[in-house]
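S.K.: Model the following, please.
(2 chains)
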Amino acid sequence: MATPDRFRLDGQVVLLTGAGRGLGRAMALAYADAGARIAGAARTLAQLEETAELVAERGGEAISISTDVADSDAVEAMVDRAMSHFGRIDVLVNNAGGGADGDGSPLEQLTDEQWRWGIDMNLTSQMLCARAVLPQMTERGSGVIINVASGFGLRGGRDNWMYVSAKAGVVNFTRSLAVTYGPMGVRTNCIAPGIFPHTPQALERWRGGRYIPVGRAGLAWEMGPLAVFLSSDAAAGISGETIAQDGGGLAAIGPTGWAPRIRLTEPS
Amino acid sequence: MSEFVPTPNPQQPPDPFLLKGRVALVVGAGDPLGRAAAVALAEAGADVAVASLRAGPQEVMRVNSVANEIWSLGRGNTALTLDATNGNSVDAAIARAASELGGLDILVNAADLPVAAPLDELTPEDWHAILDANLLGPALTARAAARLMKPNGFGRVINLVSVLAARGVANTSAYAAAHAGVLAMTRSLSQEWARSGITVNALQVGVYEGQHGFGDDPETVSRVARMLPAKELVKPGDVGSAVVALAADSGFITGETIAVDGAATARV
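M.R.: This next block holds a predicted model:
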């Protein structure tokens, strides 16, 4: 039995930022399994090349592009490189980003530079990449953009400033991209991951705890199928949408296990 | 607070969108979305029981024809009739589906009773009928299904609702309230069953092709379609694909509502 064709990406080209490690690497492997070719981009070339090797081991094809997603010239050069190698970009995954220097500090101590860097890294970077890939998508009349936000794009956090603001910006940037470029055949969606630890030890620390409703943290590979689905024709009806993958965290309020009982008729 | 057992990690499947060996029940399979969900699940490899809400000859005929489609795909199937507002009827039908197909892993609530009239014209009896069909029904099917799913530590409950659950349209007060109620129930049940391996999610569907009363009038269709970035109504098959994506998910997406609406709710 084979996967229904609608969920496959055979022959398509995916430009994936932050592809050198973590969730980006996991998505690269899932895209390769779905039949796509990958242009992986990040700052550190050595990590990208490791990802490309893992893709090749699965029978896929990936090239590695060193870039700085917060710099518009570097982003243009990244897209030129991917276009000259593959001739097209069907899917852009805006995955690069992360906690910024200054997040975790009291607001009074935050510097202007820390604020600008955090917003540039997590929001402006996604605009630069989208702006650079869109012309060839609209010219062809097809394309998919996937922006990676965070649960913190939909809720606040104590002493969390640039990250929450930028990620909330990503959620709404997604909507305007969908509304604007939908008529030109480009769908845009957003994934809001919850807690996906980088190490097995960190993964174990979350198991059975009360913070994540399902009782475990996310595994990097679990991001892959969602990204592939949203990139495929199977998601043709979905655009402008943000999908949380967070073990039920955003659906909840209060600690997991809070299960009050109140009888239908209380004595007065 | 109750005590929880730690949740184990899921195994990464070789193919993330195949449902081979899974058993699904689609309630309301005589409607276009239910039919599309049932066929998409079968195409992805699941055995599928299909249920109609009423025992009227036309509805029974429609559901039987969906069962025939599933049979022609080479999957196990059975057609049932149940009264979704009657707990005993629901329990008996779900027990029969599980015994004929060997268990129950996936429940899709696709039953839909659209009613549109000014509040002034809605009687309390109308409200009861609308809330019973659209809200009590999914509660009773989820209750019966979860009793079978909990011992296996695995279940996927997928509730289909209208975009009216999230946006106001005149003359849909009772219908919209019932569907918004399904979304609130989805979040609550996602927490109630978070440590039982059962995810509960919703698809919030925009006006779709052939939708009774909303998507089957040519003038309404063209006026609604013009407002959408995609310039066309949602296709039932796109909802079917999204059902497969949630049914095949590894379990970290729960309590979530995904709009399948061609970016209708992304815009102002």
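S.K.: Looking at the stretch 101-250 of chain B, which residue is nearest chain A?
M.R.: B:P229 (2.6 Å; Cβ to the nearest Cβ). (Glycine included, C-beta is placed from N, CA and C.)
S.K.: Excluding covalently adjacent residues, which one is nearest to that residue?
M.R.: A:G182 (2.6 Å; Cβ to Cβ, 6 or more residues apart in numbering or on different chains).
S.K.: next one: A:H198
M.R.: In space, A:H198 is closest to A:G22, 6.0 Å off (Cβ to Cβ, 6+ apart).
S.K.: re the thing from before, looks to me like the residue nearest to B:P229 is in a strand.
M.R.: No: membership of A:G182 in a strand is not supported by DSSP: H, G, I helix; E, B strand; the rest coil, which gives helix.
S.K.: List the contacts of it.
M.R.: A:T188, A:S239, A:G240, B:L228, B:P229, B:A230, B:G262, B:A263 (Cβ atoms under 8 Å, 6 or more residues apart in numbering or on different chains).
S.K.: Can you give me the pLDDT of it?
M.R.: pLDDT recorded at A:G182 is 96.
S.K.: do the same with the one 4 residues further on
M.R.: Taken from the predicted model, the pLDDT recorded for A:V186 is 98.
S.K.: Pop out the phi and psi values for A:A251.
M.R.: phi -80, psi -10 (degrees, to the nearest 10).
S.K.: give me the number of residues near the residue nearest to it when sequence neighbours are not counted?
M.R.: Distance criterion Cβ to Cβ, 6+ apart; nearest residue to A:A251, sequence neighbours excluded, is B:G255 at 2.5 Å. By other Cβ atoms under 10 Å in any protein chain shown, 26 other residues sit near B:G255.
S.K.: A helix includes B:G255, no?
M.R.: No: under three-state DSSP, B:G255 sits outside any helix and is assigned coil.
S.K.: dump the residue contacts of it.
M.R.: A:P213, A:G248, A:L250, A:A251, A:A252, B:T186, B:R187, B:S190, B:Q191, B:V200, B:N201.
S.K.: if you skip the residues just before and after it, what's nearest to residue 100?
M.R.: I'll assume chain A. A:G118 (3.3 Å).
S.K.: that's the wrong chain, I meant chain B
M.R.: B:E100 sits nearest to B:T78 (Cβ to Cβ, 6+ apart), 4.6 Å away.
S.K.: Just name whatever secondary elements the strand or helix carrying that neighbour is in contact with.
M.R.: Following DSSP states H and E, one finds B:T78 within strand B:77-81. Counting by 3 or more Cβ pairs under 8 Å, 6 or more residues apart in numbering or on different chains; DSSP states H and E, the packing neighbours recorded for strand B:77-81 are strand B:47-52, helix B:57-72, helix B:87-101.
S.K.: who does the shortest one touch, helix- and strand-wise?
M.R.: Under the contact definition 3+ Cβ pairs under 8 Å, 6+ apart, strand B:47-52 sits against strand B:23-27, helix B:32-43, helix B:57-72, strand B:77-81, helix B:87-101.
S.K.: buried sites along the third one?
M.R.: Put plainly, it is helix B:57-72. B:E59, B:V60, B:R62, B:V63, B:V66, B:A67, B:E69, B:I70 (16 or more other Cβ atoms under 10 Å in any protein chain shown).
S.K.: average model confidence for that helix?
M.R.: On average, helix B:57-72 scores 95.
S.K.: near chain A, anything from it?
M.R.: No: applying Cβ under 8 Å from any Cβ of the partner chain, one finds helix B:57-72 separated from chain A by no less than 14.4 Å.
S.K.: List of residues touching that helix?
M.R.: B:29-30, B:34-35, B:38-39, B:42, B:47-48, B:50-53, B:76-81.
S.K.: are any of these buried, and which?
M.R.: B:29-30, B:34-35, B:38-39, B:42, B:47-48, B:50-53, B:77-81.
S.K.: Longest helix in chain B, please.
M.R.: In chain B, assigned by DSSP state H, the helix with the most residues is helix B:173-192.
S.K.: Grab the nearest non-local neighbour of B:P114.
M.R.: Nearest to B:P114 is B:G213, by Cβ to Cβ, 6+ apart, at 4.9 Å.
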